[in-house]
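Chemist: attaching a predicted model along with its sequence, questions to come.
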Amino acid sequence: MSRASEAKLPAPKSEEFVFGDWTLRVVKSHIMGSQCEASTECTDETEVEKLCNLCRYERLLTLPSLPDMVFANNLLQIKHKSGGSISFSALSALQCVNDQEDTLQVAHAEVWKEARADCEFAQKVVKPYDWTYTTDFQGMLAGGLKAEATTERIDLDKLRVREEIKFYEEIFLYEDELDDNGSTRCVVKVRVMPSGFFVVFRHYLRVDQVIVRVNDTRLYSPVGASHILRESSTREAPIPKLQVDSSLYNNPDLVWQYLPLVKEKVDKIVVES
Ligand SMILES: [Zn+2]
């Protein structure tokens, strides 16, 4: 059995950008393999921190399967000088996927049954779980950052003003073509401008003939601030009711504005005093 480590995969690339009291760290690497990557294979006794990516995912996740493409090393971490941070990784995003229930089946039973009639998933599924890998992850808070209620909103008009881009990265977390029945994709983008930094964490789902759904979490912190505004939303529409061209609903970056808002949550991330 050949292991990934023997193929000498490139080491993850890590970058940092300092913006006021915040340090933005980006790690980008290759897709996780489908076999144990450890030079001496992981066992049930291996401590979590010492497991290879695949074995760590299998240990920590309760999902019966993983998306085809998982970027296990990829990371966006935004750290305040006080030590607190908010971060985005595939593992944390997948930990928010429903591992008990096939929620799409419930919501769209009729169209779903037709669309899925000759889909391999129907045979694959041993126990019900959300096979679309939809996540409502909003970023993992650690080390003294906390979320509190707010009435403030991200000023989207201000963000539309053309500005110099000081730093920009797009970080893929996971993706799967759902056995050619659509697409599920989780990506986080970060942009730093003189006026502040802006992050969009987006889960996009399309099940052909059934549904398009976009779960977004946006972060914005104006220059000089020690807080981050966070807005999370779910937008979705059944495809038969969507009055837009398929070239639009196949594009996560365009379709979200055509989808009705289903759910929204706004809060403010602050340093614990
Ligand atoms: Zn392993």
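Modeler: It's in. Because the structure is a prediction, the values reported are computed rather than measured.

Chemist: looking from the ion, tell me which residue of the stretch 101-250 of the chain is nearest.
Modeler: Checking the stretch 101-250 of the chain residue by residue against the ion with C-beta to the ion singles out residue 174 as nearest, at 18.4 Å. Just so you know, the C-beta spots here come from the backbone N, C-alpha and C atoms, and that holds for glycine as well.

Chemist: burial check on that residue, number of neighbours?
Modeler: Under the neighbour criterion other C-beta atoms under 10 Å, residue 174 is assigned a count of 27.

Chemist: ditto for residue 230
Modeler: The number of residues packed near residue 230 is 24, by other C-beta under 10 Å.

Chemist: give me the low-pLDDT residue ranges for the stretch 151-273 of the chain?
Modeler: Across the stretch 151-273 of the chain, no stretch falls below the confidence threshold (pLDDT under 70).

Chemist: can you give me the strands in it?
Modeler: Assigned by DSSP state E, counting those that start in this stretch, the strands in the stretch 151-273 of the chain fall at 167-176, 182-193, 196-207, 211-222, 228-238, 261-271.

Chemist: now the third one, how far from the centre of its chain.
Modeler: Spelled out, that is strand 196-207. Using C-alpha atoms, centre = their mean, to the nearest Å, the distance from the centre of strand 196-207 to the centre of the chain it belongs to is 7 Å.

Chemist: list the buried ones in that strand?
Modeler: Neighbour-count burial for strand 196-207, counted by 16 or more other C-beta atoms under 10 Å, picks out 196, 197, 198, 199, 200, 201, 202, 203, 204, 205, 206, 207.

Chemist: now those in JSON lines, with distance to residue 96?
Modeler: Compiled in JSON lines, the buried residues of strand 196-207 are given as follows (distance: C-beta to C-beta, whole Å):
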{"residue": "196", "distance to residue 96": "27"}
{"residue": "197", "distance to residue 96": "23"}
{"residue": "198", "distance to residue 96": "22"}
{"residue": "199", "distance to residue 96": "17"}
{"residue": "200", "distance to residue 96": "17"}
{"residue": "201", "distance to residue 96": "11"}
{"residue": "202", "distance to residue 96": "14"}
{"residue": "203", "distance to residue 96": "9"}
{"residue": "204", "distance to residue 96": "15"}
{"residue": "205", "distance to residue 96": "14"}
{"residue": "206", "distance to residue 96": "19"}
{"residue": "207", "distance to residue 96": "19"}
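
Chemist: so which of these is the closest to residue 234?
Modeler: Residue 234 lies nearest to residue 203 out of the buried residues of strand 196-207, by C-beta to C-beta, at 9.3 Å.

Chemist: how about that closest one: what's its closest non-neighbour residue?
Modeler: Across the structure, with C-beta to C-beta, 6 or more residues apart in numbering as the measure, the residue nearest residue 203 apart from its sequence neighbours is residue 215 (4.3 Å).

Chemist: hmm, residue 173 is touching residue 74, no?
Modeler: Yes - under the criterion of C-beta atoms under 8 Å, residue 173 is in contact with residue 74, at a separation of 5.9 Å.

Chemist: quick check: residues of this protein near the ion?
Modeler: 36, 38, 42, 52, 55 (C-beta under 5 Å from the ion).

Chemist: I'd like these laid out as JSON lines, including pLDDT.
Modeler: Putting the residues of the chain next to the ion into JSON lines (pLDDT from 0 to 100) gives the following:
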{"residue": "36", "pLDDT": "92"}
{"residue": "38", "pLDDT": "87"}
{"residue": "42", "pLDDT": "93"}
{"residue": "52", "pLDDT": "93"}
{"residue": "55", "pLDDT": "94"}
